[in-house]
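Engineer: predicted coordinates and the sequence they were generated for:
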Amino acid sequence: MKYKYLKLFLFAGLVSLMATSCRKDSTITLEDQGSTFIKFMDGPQKKLFFSPFSEVRTIDLFSLRKDAPSEGEANSSTPVTVSLAPGLIDRYNDENGTHFEVLPDSLYAIEPTIARSGDNYDFTLQAGQFAKEFTIKLDGSKWNLEHTYALGFGLSAVGGNKITSGRDSILVLLSVKNKWDGVYSVTGSYTDAGNAAFTGLYPYEWELQTTSPTQCVVVDNVLLGGVGFVFSTTGNPSDLSYYGNFGLLINFDPETDKIVSVTNYYGQPAPNTRTAELDPTGENQYADGEIKIRYFMKQPSFIPDPPHIRCRFNEVWKYERPRE
């Protein structure tokens, strides 16, 4: 992951946000010299994003590699068994707050050179073949945009050879994007009725990530590594915090590209009474790669008098590039 997390001070205390997705470097001991090793080339996670499609597409999920110590070993065939590992999906969801589901069998078919038996996939690295793509045929007509899917795999048999340490499993995450999905640069302004010293850190870089055919969640993968709004408590860029249990879900009209509503990702209302709501005075429109939007954060527990508006946001989001 490319998060550049900062340490953020919350009103309730200090929270350190870190991303740890590195895989330990593999090592070969003296006793392993002369052995043939099999490994996953990608990972530990591989993310695949697609624009909506209705045909059947050929998709390379991952690549396996054979590292042979001699010409004789290189010129011998190697049977390999890869097994489904759904636990990798559960672990990823728990660690990242996501909702990936196992890709249903009805959505894909495997290539003829791979034999499936239950959760096991058997194939052969032929003589002189150092790498092989694990390829499926994915049927876009059966994809439900309200779901994100994944497949976890582990190396379970490598023909009596050895498995490279730290390269024995992979999680492939598959998502179809709607038309508004992407990375945006965000300019604008915001005010907090509870504290005039709070200031925004514009420009931001935010991602709109598809959650349904007409909805995106707004994610800050630069400052926060998740859903939320980071701000300065003093005007000094080093004095940072964010609003707990507040983040945006954006709902679009697919015919007009108007934003029809915003809601709080953490609940409408969240346990701390925070809600999100469009400001009707804004354009609230997507056009030519740009979103102009005004919205409120309401919090009756903090602003008891109607309409309970604590924060006002007036922003322009400019599309920069697809998400990786």
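Structural biologist: Looks like it came in fine.
Engineer: now the helices for the stretch 151-300 of the chain?
Structural biologist: Shown for the stretch 151-300 of the chain, no helices are assigned by DSSP state H, counting those that start in this stretch.
Engineer: which residue ranges of it form strands?
Structural biologist: Listed in chain order, the strands of the stretch 151-300 of the chain (DSSP state E, counting those that start in this stretch) span 162-163, 169-176, 182-192, 199-200, 204-212, 215-219, 230-232, 240-242, 248-252, 259-264, 275-278, 285-287, 290-298.
Engineer: would you reformat those strands as CSV and include distance to F134?
Structural biologist: Placement of C-beta: from N, CA and C, glycine included. Output for the strands of the stretch 151-300 of the chain, formatted as CSV (distance: least, C-beta to C-beta, whole Å):
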stretch, distance to F134
strand 162-163, 16
strand 169-176, 9
strand 182-192, 28
strand 199-200, 45
strand 204-212, 25
strand 215-219, 29
strand 230-232, 39
strand 240-242, 40
strand 248-252, 34
strand 259-264, 39
strand 275-278, 41
strand 285-287, 37
strand 290-298, 38
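Engineer: weakest of those strands by average pLDDT?
Structural biologist: Of all those, strand 162-163 carries the lowest average pLDDT, namely a mean of 87.
Engineer: please name the strands paired to it in the sheet, noting orientation.
Structural biologist: Using DSSP bridges, the strands paired with strand 162-163 in its sheet are strand 37-40 (parallel).
Engineer: quick check: angle from the next helix or strand after the strand it pairs with to strand 204-212?
Structural biologist: Counting by DSSP states H and E, the element after strand 37-40 in chain order, helix or strand, is strand 45-50. Strand 45-50 and strand 204-212 are oriented at 70 degrees to each other (axes from the mean of the first three to the mean of the last three C-alpha atoms, to 10 degrees).
Engineer: just to revisit the earlier point, how about the strands of the stretch 151-300 of the chain in JSON lines, adding distance to P306 and mean neighbour count?
Structural biologist: Below are the strands of the stretch 151-300 of the chain laid out as JSON lines (distance: least, C-beta to C-beta, whole Å; neighbours: other C-beta atoms under 10 Å):
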{"stretch": "strand 162-163", "distance to P306": "63", "mean neighbour count": "16"}
{"stretch": "strand 169-176", "distance to P306": "40", "mean neighbour count": "22"}
{"stretch": "strand 182-192", "distance to P306": "18", "mean neighbour count": "17"}
{"stretch": "strand 199-200", "distance to P306": "25", "mean neighbour count": "20"}
{"stretch": "strand 204-212", "distance to P306": "30", "mean neighbour count": "20"}
{"stretch": "strand 215-219", "distance to P306": "26", "mean neighbour count": "20"}
{"stretch": "strand 230-232", "distance to P306": "25", "mean neighbour count": "19"}
{"stretch": "strand 240-242", "distance to P306": "26", "mean neighbour count": "19"}
{"stretch": "strand 248-252", "distance to P306": "22", "mean neighbour count": "21"}
{"stretch": "strand 259-264", "distance to P306": "18", "mean neighbour count": "19"}
{"stretch": "strand 275-278", "distance to P306": "12", "mean neighbour count": "20"}
{"stretch": "strand 285-287", "distance to P306": "27", "mean neighbour count": "16"}
{"stretch": "strand 290-298", "distance to P306": "9", "mean neighbour count": "20"}
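Engineer: residue contacts, T199?
Structural biologist: For T199, the contact set (C-beta atoms under 8 Å, 6 or more residues apart in numbering) comprises F231, S232, G235.
Engineer: what does T191 give?
Structural biologist: Shown in contact with T191 (C-beta under 8 Å, 6+ apart): F198, C311, R312.
Engineer: what of I59?
Structural biologist: By C-beta under 8 Å, 6+ apart, I59 lies in contact with L48, Y108, T135, I136, K137, L138.
Engineer: so what's the residue most central in space within the chain closest to, chain neighbours aside?
Structural biologist: In the chain, the residue lying closest to the centroid (C-alpha atoms, centre = their mean) is K47, at 7.4 Å. Nearest non-adjacent residue to K47, counting by C-beta to C-beta, 6 or more residues apart in numbering: L173, 4.8 Å away.
Engineer: now do the helices in the stretch 1-150 of the chain.
Structural biologist: According to DSSP H, counting those that start in this stretch, the helices that the stretch 1-150 of the chain contains are 71-74, 87-96.
Engineer: chain center to the longest one: distance?
Structural biologist: Relative to its chain's centre, helix 87-96 lies at 12 Å (C-alpha atoms, centre = their mean, to the nearest Å).
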